[in-house]
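Chemist: My questions are about this predicted structure, shown below with the sequence.
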Amino acid sequence: MAAQRTSLVLISKSPMETLQIGRRLGAGLKGGECVALAGELGAGKTCLTQGIANGLGVPDGYVVASPTFTLINEYPGKETALFHLDIYRLTGPGDLEEIGYREYLTRGGVVVVEWADKISDSIPEEAMWVTFSYLDENVRKIEISDAADRIYSWKQIFTPKGG
C-alpha cells in the first residue's frame with residue numbers, strides 16, 4: 001500500500017530564494033532518495049538542484065549545471081553522491097535503459113530528475129515531487145509533494161523559528 005502523500009507549498013521571489021530552498025532540501029536528504037522535478041523551461045529546476053548540491057556538501061569547485069546534452073552529471077557530496085539527470089531530450093522508456101536510469105536509483109545517492117513529468121511512470125512511487133509554477137516573471141510557486149510523515153519534517157525545516 002502506498003504511503004499517504006501531502007504537499008508543502010513555498011513561494012520563491014528570486015533565484016537566491018530558490019537556491020536556499022534547494023540548500024535546505026539537500027541538507028535534509030540522506031541518500032537513496034529520488035527528487036522528481038517538473039515545471040516549465042526557466043522555472044528554477046536547475047537552480048533548485050544547485051541548492052540541493054550545496055546542501056549535500058558538493059564541493060564549491062564543481063559547477064552544477066543542467067546535463068541537457070550529457071544527460072547525467074555525478075557530483076560527490078559530503079555523505080552521499082548527487083546524480084543529476086535531465087531527460088528533456090529523451091524520446092522514450094528505451095532511452096532510460098540506455099543511460100542506466102534504474103542503476104542510478106539503486107546506487108544510494110540522491111537522484112534528481114529534471115523534466116520528470118516526461119517519465120512519470122518510471123519515477124519511483126516514493127519519490128519526492130517538486131513542481132514549479134510561474135506566478136510572475138520573478139516569483140515561483142514551488143510545491144513539494146512527498147510522504148505525509150516526510151512533509152511534516154520538511155515543514156519543520158521551512159517554518160521560521162518562533163513563527
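Modeler: Happy to help now that I have it. Residues are numbered from 1 along each chain as shown.
Chemist: For the closest residue to S120 other than its chain neighbours, give its distance to S12.
Modeler: Counting by Cβ to Cβ, 6 or more residues apart in numbering, S120 lies nearest to A36, which is 7.7 Å off, once chain neighbours are set aside. C-beta: built from backbone N, CA, C; applies to glycine. Distance, A36 to S12, by Cβ to Cβ, to the nearest Å: 18 Å.
Chemist: Might you report the residue contacts of I142?
Modeler: Residues in contact with I142 (Cβ atoms under 8 Å, 6 or more residues apart in numbering) are 9-12, 18, 21, 44, 48, 130-132.
Chemist: so which helix or strand takes in L90?
Modeler: Under the criterion of DSSP states H and E, L90 resides outside all helices and strands.
Chemist: hmm, back to that, list only buried entries from the contacts of I142.
Modeler: Among the contacts of I142, those scoring as buried are 10, 12, 18, 21, 44, 48, 130-132 (criterion: 16 or more other Cβ atoms under 10 Å).
Chemist: ok, what's across the strand from the nearest residue to E74 once chain neighbours are set aside?
Modeler: Spatial nearest neighbour of E74, excluding adjacent residues (Cβ to Cβ, 6+ apart): F83 at 5.7 Å. F83 forms beta bridges with E74, V111, as assigned by DSSP bridges.
Chemist: So for the protein, the centremost residue is which one?
Modeler: V35 (3.9 Å; Cα atoms, centre = their mean).
Chemist: Show me what the helix or strand that that one is a member of is packed against.
Modeler: Following DSSP H and E, one finds V35 within strand 34-38. When contacts are defined as 3 or more Cβ pairs under 8 Å, 6 or more residues apart in numbering; DSSP states H and E, strand 34-38 sits against helix 45-55, strand 110-114, strand 128-134.
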